[in-house]
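Novice: model the structure of this input:
(chains A and B)
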Amino acid sequence: MTSARLTYPHRGLGLDHDWFSHKPTHKRAPITWPGGKRIALWITVPLEFFPLDAPAQPFRPLGGLPLGYPDLWNYSGRDYGARIGIYRIISVLDRLGLRATAAVNSTVITQYPRLIDELAQRKWEFLANGVDMGRVHHGGLKVEDERGLIRTAQETLAQATGAPVLGWHSPARSHSHNTLTLLAECGFEYVTDWANDDMPYMVTTTAGGLCAMPLTYEWSDRVLLVQHSLTVEDYEAQVMQAFERLNEEAGHYGSGRILSLSVSPWILGYPHRIATLARVLTRIMGGGSVWHATGMEIVAAFKSQLPKS
Amino acid sequence: MRDPARYDYFPLVDRPRIRWPNDARIAFWVCPNIEFYELNPPDGQGRPIWPRPYPDVLNYSLRDYGNRSGVWRVMEALERFGVRASVSLNAAMCDHMPDIVDECVRLKWELFSHGIYNTRLIYGMSESEVREVIGDSVRTIVRHSGRSVAGWLAPALSSTETFLDLLPEFGIKYTVDMVPDDQPIPIKVRSGKLIAIPYSTEINDIRIMGVRGYPSDRWAAMLKASFDQLYREGEENGMVLCMPLHPFVVGQPHRIAALHDVLRHVTSHQDVWLATAVEIADWYLAHHYDEAIRYQVSATARRP
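Specialist: Predicted coordinates for the structure are as follows:
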């Protein structure tokens, strides 16, 4: 009696896939950030479009419209982010002299004209965040259809901003088995969907390498404020604890660390939360040795220190 | 079955007193669950393993965080406070990530069986299949660590009606699969001897911080309140507090300070026995098991 439940095809050294190896964060070679700073502060701002008729299959993304069709409440609540919330965030970042990395659904460009120009003027970086939040990636997609979604997202964004689009974030971090290979094939430099590390590491695919960047999930506004319903006081305390610990470890291990913040216009952009964002960023920038950078700037600094193979 | 019939009702009120070594009031043990979740486990296990279809990159990677970063922070914290752990270990970790298992051995942590993978449930398995899982897991851990395996926690809280009966066949002395008590209790099995050691789902990091999303300081407050209450009660009768941990939850940078806080609180008390689960089991079996059985027989006889 050998059932599939008692056979273990990948039981051996390392992980059960070939995309990257098991190497604990603190055992990898130290990384030095520009100016010898301890922390790279990486602010990402998701700019998303949640279609009113998005299918809940194969799963509904966090933030997806939860009420019965047509869910005007949540649809318009997400729109608040693009109409009002994002401009509050821009103003906070401007005041502090910070640039963010916008993770953009390509539908945002037509749905919210002018928004991209505002951000491009400020020299934010743009990474592709798929087509929209109703178009998640999954194993049921034909490979050419998934390639189409990726190319549409990348090309539309590149055209609108006039800059190459080198970073990728899947809507709701959704993947098929082919996603990483397709991203490498389309010339992406980095992917931000794996929540398993504090630092970048390299991913191997049959179409070339990618850098995996540690975009926070655990202390994103989406998880802390929406999924876990925390107050802004608790949000601030948790983010500051992450910063303090990573800052301490950077000193302890003699290697830079990344503090990733995910700032959603439809969450932190509300009047009752925006002051918290301003205070958190002020505390972080004043709290030690911080290099503020976009995703690609961090990837470039990281890759320049990899041993040549 | 309507009642698992593994223990009878003997409330704390008139039980014989448990005395821990050095008359400690409380035995405190720490249980990191060190786990491997497969990206593509087989279907047909009684419930879906991942919330999303293959490959569930989000949920897989969140768990892998424990092995790349989180567990090392947990190790550092426990070592700093001089506390050893009893690891609920998916045995396949010995094959996949021996670096982590070797470090547990270096820290003199106990290793006990948590099945093969956390993505392999035992629901619906025949006894011979369950035997294969228990035997494989015990042999793998013994072979890798050179030490015996005395405890069991079924992977991902799965179960069958009879798996407890099979544990003594493999030299297992204690189970943590049930949480009816704050003291060890005898468990009825077909043959051999088995006891249950208190574990907890109530103050488990994964339930409190992972699922319910409490901030880490509120989780630490729950742990400290549990400790304080049992420390008081332990003056009358020795108690057990287990702190179950999941490195991918508590080992996050925004949470690890809370673990330091709990350990500081516990180790600042005098009458605490910082024990491993097998030490608690061995002490109970040597000093209290027979007395508990005698008490249960006579208390049952007195019942109308």
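
Novice: find the closest residue to chain A in chain B.
Specialist: Going by CB to the nearest CB, chain A is nearest to residue B:213 of chain B, at 2.6 Å. Glycine gets a C-beta too; all of them are placed from N, C-alpha and C.

Novice: how about that residue, what does it touch?
Specialist: Going by CB atoms under 8 Å, 6 or more residues apart in numbering or on different chains, residue B:213 touches A:223-224, A:227-230.

Novice: identify each buried residue in the helix or strand containing residue A:154, please.
Specialist: Residue A:154 belongs to helix A:143-161 when assigned by DSSP states H and E. Residues A:146-147, A:149-150, A:152-154, A:156-158, A:160-161 are the ones in helix A:143-161 that count as buried (16 or more other CB atoms under 10 Å in any protein chain shown).

Novice: can I assume the residue of chain B closest to chain A sits in a helix?
Specialist: No - assignment of residue B:213 by DSSP: H, G, I helix; E, B strand; the rest coil gives coil, placing it outside any helix.

Novice: any idea how far residue A:231 is from it?
Specialist: Distance, residue B:213 to residue A:231, by CB to CB, to the nearest Å: 12 Å.

Novice: do residue A:247 as well
Specialist: 24 Å.

Novice: check residue A:37 too.
Specialist: The value you get for residue A:37 to residue A:231, if CB to CB is used, is 31 Å.

Novice: got it, and residue A:53?
Specialist: 33 Å.

Novice: check residue B:217 too.
Specialist: From residue B:217 to residue A:231 the distance is 13 Å (CB to CB).

Novice: and the pLDDT at residue A:1?
Specialist: On pLDDT, residue A:1 comes in at 45.

Novice: what do you get for residue A:309?
Specialist: Reported pLDDT for residue A:309: 60.

Novice: and the helices in chain A, which stretches?
Specialist: A:72-80, A:86-96, A:107-111, A:115-121, A:143-161, A:179-185, A:221, A:232-253, A:274-286, A:295-303 (DSSP state H).

Novice: isn't residue A:88 right up against residue A:272?
Specialist: No - the pair residue A:88 / residue A:272 is not scored as a contact, 11.3 Å apart, by CB atoms under 8 Å.

Novice: so between those two, which is more surrounded?
Specialist: residue A:88 (20 against 8; other CB atoms under 10 Å in any protein chain shown).

Novice: thinking again about what came up before, touching the helix holding residue A:154 from outside, list them.
Specialist: By CB under 8 Å, 6+ apart, the surrounding residues in contact with helix A:143-161 are A:104-106, A:109, A:116, A:120, A:126, A:128-131, A:135, A:137, A:141, A:164-165, A:168, A:176, A:178-179, A:182-183, A:185-186, A:188.

Novice: ok, now with 6 Å
Specialist: With contact meaning CB atoms under 6 Å, 6 or more residues apart in numbering or on different chains, helix A:143-161 is reached by A:104, A:106, A:109, A:116, A:120, A:126, A:128, A:130-131, A:135, A:137, A:165, A:176, A:178, A:182, A:186.

Novice: which residue does the stretch 101-250 of chain A bring closest to chain B?
Specialist: For the stretch 101-250 of chain A, CB to the nearest CB, closest residue to chain B: residue A:228, 2.6 Å.

Novice: secondary structure element holding residue B:86?
Specialist: Per DSSP H and E: strand B:86-89 holds residue B:86.

Novice: buried stuff in the strand or helix carrying residue B:61?
Specialist: Element membership for residue B:61, per DSSP H and E: helix B:57-65. Using 16+ other CB under 10 Å as the test for burial, helix B:57-65 gives B:57-65.

Novice: and it with chain A, contact?
Specialist: Yes - on the criterion CB under 6 Å from any CB of the partner chain, helix B:57-65 is in touch with chain A at B:57-58, B:61-62, B:64-65.
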